[in-house]
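Novice: here's my sequence, what's the structure:
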Amino acid sequence: MKILVVDDEKLLVKGIRFNLENEGYQVETAYDGAAAVELARTGAFDLIVLDLMMPVLSGSEACMQIRAFSEVPIIMLTARSEDADKLMGFACGADDYVTKPFNILELKARIRALLRRAGAAQQHSGAILTVGDVSLDTRERVAIRDGKRIDLTAKEYDLIELLMKNPRRVFSRETLMDQVWGYSYAGDYRTVDVHIRRLREKLEPDPAEPVYIITKWGVGYYFQGENRSAI
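Specialist: Numbers count the residues shown, from 1 in each chain. This next block holds a predicted model:
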């Protein structure tokens with residue numbers, strides 16, 4: 001597995017690289033957002049660890065640029081624990097975040113979880129899952145609406161696939177967090193809301209009046225429609 005680690009704190013990068021290489025990962029490093037984008041464009045990485053606050057190009061800007069051409073899993077590092085920073089990272093396309101200072105064991109656990117999910121996704125047989133007027137290509141991990149392919153981030157795809165495989169079943173935010181992210185955010189379930197909003201922006205004809213991804217007030221979310229195919 002090949003991982004790109006990007007942070008302007010060179011000592012921190014050195015420590016992360018040492019620990020990941022001891023786990024058997026191949027690691028490349030960069031120290032600003034612009035270099036991260038260039039490396040991500042030219043290198044075949046399985047995962048990127050990306051700092052939020054960096055020179056030349058911020059982590060959020062770099063993340064958005066990478067998302068324009070790649071769905072590689074991204075873990076965002078943030079020096080602050082404010083909700084706004086976390087939500088901004090998700091809004092830019094990050095799949096997970098770790099708040100500094102962090103225990104290297106936590107970072108490695110997050111990396112393993114994302115890589116495990118990404119690896120499992122690659123084993124799909126290429127089925128087309130259709131619910132209502134929305135389809136998922138489970139091999140390419142993209143959505144299809146009105147004949148157009150819609151690229152999704154790793155977590156956006158995992159979330160919509162779970163909902164579409166269980167149409168009309170209402171999932172609480174806690175359940176979605178547990179099944180999609182695989183661990184608890186200690187009550188920070190707005191992470192789910194951010195991803196639901198982004199999915200609506202990509203899939204709904206009118207995100208303000210959703211017809212696919214429906215809110216069950218006080219309970220959670222569900223996908224409306226009949227499961228027509230999973231071939």
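Novice: show me the contacts for the spatially most central residue of the chain.
Specialist: Residue closest to the average C-alpha location in the chain (Cα atoms, centre = their mean): D95, at 2.6 Å. Neighbour list for D95: 73-75, 114, 153-155 [criterion: Cβ atoms under 8 Å, 6 or more residues apart in numbering]. The way it works is simple: take the backbone N, C-alpha and C, and place the C-beta from them, glycine included.
Novice: try V37
Specialist: For V37, the contact set (Cβ under 8 Å, 6+ apart) comprises 57, 62, 65-66.
Novice: which among those gets closest to L162?
Specialist: The shortest approach to L162 among the contacts of V37 belongs to I66, at 24.6 Å (Cβ to Cβ).
Novice: circling back to that earlier point, adding neighbour count, secondary structure and distance to G218, write the contacts of V37 out as CSV.
Specialist: CSV is the format used below for those (neighbours: other Cβ atoms under 10 Å; DSSP: H, G, I helix; E, B strand; the rest coil; distance: Cβ to Cβ, whole Å):
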residue, neighbour count, secondary structure, distance to G218
L57, 17, coil, 41
A62, 28, helix, 38
Q65, 20, helix, 39
I66, 25, helix, 37
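Novice: wait, which of those is closest to G15?
Specialist: Among the contacts of V37, and counting by Cβ to Cβ, the member closest to G15 is A62, at 21.1 Å.
Novice: hey, where'd the helices end up in this structure?
Specialist: In the chain, the segments counted as helices under DSSP state H are 10-22, 33-42, 59-67, 83-91, 104-121, 154-165, 173-176, 190-203.
Novice: mean pLDDT and distance to I144 added to the ones you listed, as a markdown table?
Specialist: Converted to a markdown table, the helices of the chain look like this (pLDDT from 0 to 100; distance: least, Cβ to Cβ, whole Å):
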| stretch | mean pLDDT | distance to I144 |
| --- | --- | --- |
| helix 10-22 | 95 | 36 |
| helix 33-42 | 93 | 26 |
| helix 59-67 | 93 | 19 |
| helix 83-91 | 74 | 24 |
| helix 104-121 | 83 | 17 |
| helix 154-165 | 90 | 12 |
| helix 173-176 | 88 | 22 |
| helix 190-203 | 92 | 10 |
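Novice: looking at these, which is nearest to G220?
Specialist: Comparing the helices of the chain under Cβ to Cβ, the one sitting nearest is helix 173-176, at 5.7 Å.
Novice: which strands and helices sit next to the closest one?
Specialist: Applying 3 or more Cβ pairs under 8 Å, 6 or more residues apart in numbering; DSSP states H and E, one finds that helix 173-176 makes contact with helix 190-203, strand 220-223.
Novice: can you tell me which of the ones you listed is most buried?
Specialist: Highest mean neighbour count of these: strand 220-223, a mean of 21 (counted as mean count of other Cβ atoms under 10 Å).
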